[in-house]
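Q: sequence below, structure please.
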Amino acid sequence: MTVSANDNQTAPALAFYGKMLTFSRVQFSTNDLAVIEAQLTETLSNKSSNIPILIDSDVDQDLSALVELLWAWGLQPIGVVTGMLDAQAREQRLAIFPADGKRIERILPSKKPPTQQAAKNNSTEAVDANSDDSTSTTSEPATETTLSSMPTETLVCTQHITSLIYDQMLRSGQSLNHVGGDLILTNSINSGAEAITDNSLHVYGRAQGRLVAGATGDKDARIFCQVFNPSLVSVAGTYCLRDNLPEHVIDKSVQVKFVEGEGLVFTVMDEI
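A: Purely as a prediction, here's the structure:
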């Protein structure tokens, strides 16, 4: 098969997907590599576990040496929890994750400077407004976004933290990932699909698949479902699989929240 130059031009170089990733956080209270290795010897049965991990250290570390040691034991450091290792992590191109209870702040594009014509129009409007005796009112910016009614570039470049409303059924194999506000689904989530948000998740249809709220650590996030029957539910990194869900909440109208010291708490909303 021959690939033409036109085909190469239209093919995307990359694509972003929202997927659930499982990794472990390893907390270090010493920078003594010999002590760390001795603990690894007691903890791990082999050097081929290939577990992705985050490094969370209470003390300063030689990050390069620590990473080499962890790789030698079959662990795969992908980043550090923010703190005293941030500078070394940047040098080594490792990811920096927020601490517990913190959220990754959304990066918004800077506003483009107005053109000369736009500046002239704004100036004219300001003069007209000053000469008008009537009182004008300015409405507040909308705080909700409907996915089906807005162009893609608006969703990407919005200057306001917004909730996202999704009206279509989320089908098996699909992943919907929203950062910066609540995620609201007015339809159902099929088994094999996933809905992920860093705030609260609302599902007004039948909620199957994987439901994730507070994906970046927001412990105040909640999940609200009209018909609750997910394969996995997670709030602020604490998760529960379908087999471990309380039987009395299945197929009910349910609220899920994280409570410190208790984990996930499931409440049938009809009983509140």
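Q: which helix or strand in the chain has the lowest average pLDDT?
A: Within the chain, no helix or strand scores below helix 152-157, which has a mean of 34 by mean pLDDT, DSSP states H and E.
Q: I figured Ala221 hits Ser200, correct?
A: Yes: contact status for Ala221 versus Ser200: in contact at 5.0 Å, counting by CB atoms under 8 Å. Any C-beta I mention is one placed from the backbone N, CA and C, and that applies to glycine too.
Q: okay, and the common contacts of the two?
A: Counting by CB atoms under 8 Å, 6 or more residues apart in numbering, the shared contacts of Ala221 and Ser200 are Ala213, Gly214.
Q: for the stretch 101-250 of the chain, what spans make up the strands?
A: Assigned by DSSP state E, counting those that start in this stretch, the strands in the stretch 101-250 of the chain fall at 144-146, 163-166, 175-178, 183-185, 194-197, 201-207, 210-213, 222-228, 232-235, 238-241.
Q: and the third one, which strands flank it?
A: Under the criterion DSSP bridges, strand 175-178 sits next to strand 194-197 (parallel) in its sheet.
Q: hmm, who's touching the strand it pairs with?
A: Under the criterion CB under 8 Å, 6+ apart, residues 18-20, 164, 170, 174-179, 181-183, 185, 189, 201, 203, 209-213, 215, 221 lie in contact with strand 194-197.
Q: check stretch 48-68 too.
A: 21-31, 33, 36, 70, 74-81, 83-85, 88-89, 92, 94, 97.
Q: what about Tyr239, distance to Ser231?
A: Tyr239 sits 11 Å away from Ser231, going by CB to CB, to the nearest Å.
Q: swap that for Arg171, please
A: Note on Arg171: its distance to Ser231, by CB to CB, is 14 Å.
Q: which of those two has more neighbours?
A: Ser231 (17 against 13; other CB atoms under 10 Å).
Q: that one is in contact with Ala193, isn't it?
A: No: look at Ser231 against Ala193 with CB under 8 Å: they stay out of range, at 9.5 Å.
Q: ok, Leu70 - contacts?
A: Residues near Leu70 by CB under 8 Å, 6+ apart: Val26, Ile53, Ile55, Gln76, Pro77.
Q: any weak-confidence spans in this protein?
A: Scanning the chain for pLDDT under 70 picks out 1-9, 15-22, 100-161, 271-272.
Q: from the middle of its chain, how far away would stretch 50-62 be?
A: Offset of stretch 50-62 from its chain centre (CA atoms, centre = their mean, to the nearest Å): 21 Å.
Q: just stretch 179-187 next, same as before
A: Worked out by CA atoms, centre = their mean, stretch 179-187 lies 12 Å from the chain centre.
Q: next, the buried residues of that stretch.
A: Neighbour counts over stretch 179-187 (16 or more other CB atoms under 10 Å) mark Val179, Gly180, Gly181, Asp182, Leu183, Ile184, Leu185 as buried.
Q: what about the closest residue to the fourth one other than its chain neighbours, how many residues nearby?
A: It stands for Asp182. Closest residue in space to Asp182, ignoring its immediate chain neighbours: Ser163 at 4.2 Å, by CB to CB, 6 or more residues apart in numbering. Counted with other CB under 10 Å, residues neighbouring Ser163 total 19.
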